[in-house]
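Trainee: pasting the sequence and the predicted model now:
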Amino acid sequence: ERGGFAHFMLKEIFEQPQTLENTMRGRLILEEGFTKLGGLNLTKEELLAIDSVVITACGTSWHSALIGEMMIEELCRIPVEVEYASEYRYKNPIVTPNTLVIVISQSGETADTLAAMREAKRRGARTLGLVNVVGSTIAREDDGGIYLHAGPEIGVASTKAFTSQVVALALFTLKLARLRNLSVEQGRRIAQALAELPAQVQSIIERADEIEALAEQFKSAHNFLYLGRGYNFPTALEGALKLKEISYIHAEGYPAAEMKHGPIALIDDLMPVVVVAPHDAVFDKVTSNIQEVKARKGRVIAITTREEPALKGQLDYEFRIPETVDMLTPILASIPLQLLAYYIAVKRGCNVDQPRNLAKSVTVE
Ligand code: M6R
């Protein structure tokens, strides 16, 4: 069942080179920098008519929604709102016939997400489901969909479904952006970067032992802060959620610059601060946030992509990941964070696959 792995969660983390491959299979057209998505149920004209997007989900799927928001706004130039499914249905949402409501759910059975989708449909929106479980309720009731094809996810902590969701969002964004005004060169660059992901993820999981050693160092901490900016603010939220749910350590994810508006007060020499800092558009800004943490004696664990002189002496621990286009950095950066949460939880003797108080899918409101 677990294929020689101690837990489903570890197996599912290690499967990601394969699952990402499966999410992309038959969908990427490298030469044209375009994607083929057979289940959208939207004509080219209907796709071009979309003038606003709402993405709704819960938990980890809500984090991938935040990444999707940035992708769609950056490349398609269409306004996007991300809504917690549990809030969306009670807020009298604004929907027009040209609003596309994207619903993200690994299980396809989350009660709040399903109810949000039904509410959106009732108000006349078109719905698009990004779902992993084939034939699940959301997949049956949406107007169109993109299956994740990540295979069964058994561990309560979502890992491979998350990275597949981000890839599915990238595939959709690429298609819509190319239909609008993204150049073929830019499209090709993104398609190429997508195609390289599985091997890059493989190169990270081969170094899992480094993260295991890091976990040993930090397993007794009582609190963790996770910081990121831009595409990696949601990565920080996701890293913190993984740690909370399986190790029961209190953790918060924050946009790095927001720290000085409050949470910086928490930082002392006992506080591990995980900073997601790839060389992307906001790297210089993140560098100064790291210096702010260090000045308060926080212990900085950084996920980086390159050697950086400005960070010399500022990092207590550094884990390098391969470079990719900015919008895909959350996929690579989240792998070491999944592993960190996993190894810390195991070392604390926690039930990783079935954490207390949690169910794999939340089918009650
Ligand atoms: O099946 P769904 O994607 O709809 O589930 C949504 C959340 O319940 C889920 O992501 C939850 O937050 C996970 N336990 C996170 O690891």
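Mentor: Cool, got the structure. Residues are numbered from 1 along each chain as shown.
Trainee: could you grab the helix/strand/coil label for residue 259?
Mentor: Following DSSP: H, G, I helix; E, B strand; the rest coil, residue 259 is assigned to helix.
Trainee: from residue 285, how far off is it?
Mentor: Distance, residue 259 to residue 285, using C-beta to C-beta, to the nearest Å: 12 Å. C-betas here are computed from N, CA, C, even on glycine.
Trainee: higher neighbour count, these two?
Mentor: Under the criterion of other C-beta atoms under 10 Å, the comparison of residue 259 against residue 285 puts residue 259 first, with 22 against 13.
Trainee: list the residues that contact the nearest residue to residue 117 once chain neighbours are set aside.
Mentor: With C-beta to C-beta, 6 or more residues apart in numbering as the criterion, residue 117 has its nearest non-adjacent residue at 4.6 Å, and that residue is residue 103. Counting by C-beta atoms under 8 Å, 6 or more residues apart in numbering, residue 103 makes contact with 55-57, 85, 113, 116-117, 120, 127-131, 138, 142.
Trainee: where does the stretch 51-200 of the chain dip in pLDDT?
Mentor: Along the stretch 51-200 of the chain, segments meeting pLDDT under 70 are nowhere present.
Trainee: pull up the residues of it that are close to the ligand.
Mentor: Neighbours of the ligand within the stretch 51-200 of the chain, by C-beta under 6 Å from any ligand atom: 58, 59, 60, 61, 105, 106, 107, 110, 113, 156, 157, 158.
Trainee: drop anything exposed from those residues.
Mentor: For these, a neighbour count by 16 or more other C-beta atoms under 10 Å gives the buried set as 58, 59, 60, 61, 105, 106, 107, 110, 113, 156, 157, 158.
Trainee: so who does the residue nearest to the spatial centre of the chain touch?
Mentor: Centroid-nearest residue in the chain, with C-alpha atoms, centre = their mean: residue 64, separated by 4.0 Å. By C-beta under 8 Å, 6+ apart, the contact set of residue 64 is 57, 104, 162, 165, 166, 169, 234.
Trainee: equivalent analysis for residue 72, please.
Mentor: Residue 72 is in contact with 53, 78, 80, 169, 172, 173, 176, counting by C-beta under 8 Å, 6+ apart.
Trainee: before we move on, what about residue 130?
Mentor: By C-beta under 8 Å, 6+ apart, the contact set of residue 130 is 102, 103, 104, 105, 145, 146, 148, 165, 168, 169.
Trainee: how about residue 299?
Mentor: When contacts are counted by C-beta under 8 Å, 6+ apart, residue 299 is found next to 218, 269, 270, 271, 272, 273, 316, 317.
Trainee: before we move on, the earlier item: between the contacts of residue 72, which is nearest the ligand?
Mentor: Minimum distance to the ligand across those is 13.4 Å, recorded for residue 169 (C-beta to the nearest ligand atom).
Trainee: shared neighbours, residue 259 and residue 285?
Mentor: Counting by C-beta under 8 Å, 6+ apart, residue 259 and residue 285 have no common neighbour.
Trainee: among the contacts of residue 64, who's most crowded?
Mentor: Neighbour count (other C-beta under 10 Å) singles out residue 104 as the most crowded of these, with 34 neighbours.
Trainee: am I right that that one is in contact with residue 165?
Mentor: Yes - here residue 104 reaches residue 165: they are 5.7 Å apart, a contact under C-beta atoms under 8 Å.
Trainee: what touches both of the two?
Mentor: 61, 64, 68, 130.
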